[in-house]
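1. Build me a model:
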Amino acid sequence: MIGTKRVAAITGSAGGLGAAIAGKLAADGLAVAVIDLKDGSETVAAIRGAGGQAEFFQCDMTDPQAVERLAPAIA
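-> Predicted coordinates:
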């Protein structure tokens, strides 16, 4: 996803508390993987608009196979 930069993977970050956590970590200089079943494009846009780095990954965290596919995509 980001290369050598530290990446924070935040589940449930399409809105609410998860989005706030993602925004704070991005403001602290981490790249953020926005992970949710819902569309996380607004969270990504807010982070990028503030100069941060973020990418959205749609994933059902209750599905072990989906989580296995997610990990290499974020790295």
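
2. how about the helices in this protein?
-> Along the chain, the segments classed as helices by DSSP state H run 16-27, 41-49, 64-74.

3. Redo those as CSV? Include distance to residue 8, mean neighbour count and mean pLDDT.
-> All C-beta spots, glycine's among them, are computed from the backbone N, C-alpha and C. Output for those, formatted as CSV (distance: least, Cβ to Cβ, whole Å; neighbours: other Cβ atoms under 10 Å; pLDDT from 0 to 100):
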stretch, distance to residue 8, mean neighbour count, mean pLDDT
helix 16-27, 4, 18, 98
helix 41-49, 11, 17, 98
helix 64-74, 10, 12, 93
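
4. Take those helices and write them to CSV, including distance to residue 57.
-> Listed next are the helices of the chain as CSV, based on distance: least, Cβ to Cβ, whole Å:
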stretch, distance to residue 57
helix 16-27, 12
helix 41-49, 10
helix 64-74, 6
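
5. So for residue 9, which of those helices sits nearest?
-> For residue 9, the closest of the helices of the chain is helix 64-74, at 5.7 Å, according to Cβ to Cβ.

6. elements contacting the closest one?
-> strand 54-58 (3 or more Cβ pairs under 8 Å, 6 or more residues apart in numbering; DSSP states H and E).

7. Report the angle between the strand it packs on and helix 41-49.
-> If you take axes from the mean of the first three to the mean of the last three Cα atoms, to 10 degrees, strand 54-58 sits at 170 degrees to helix 41-49.

8. Quick check: buried residues in strand 54-58?
-> By 16 or more other Cβ atoms under 10 Å, the buried positions in strand 54-58 come out as 54-57.

9. Residue 15: which of those is nearest?
-> residue 56 (12.2 Å).

10. tell me, how many neighbours does the closest residue to the closest one other than its chain neighbours end up with?
-> Nearest residue to residue 56, sequence neighbours excluded (Cβ to Cβ, 6 or more residues apart in numbering): residue 40, at 4.0 Å. Using other Cβ atoms under 10 Å, residue 40 has 27 other residues around it.
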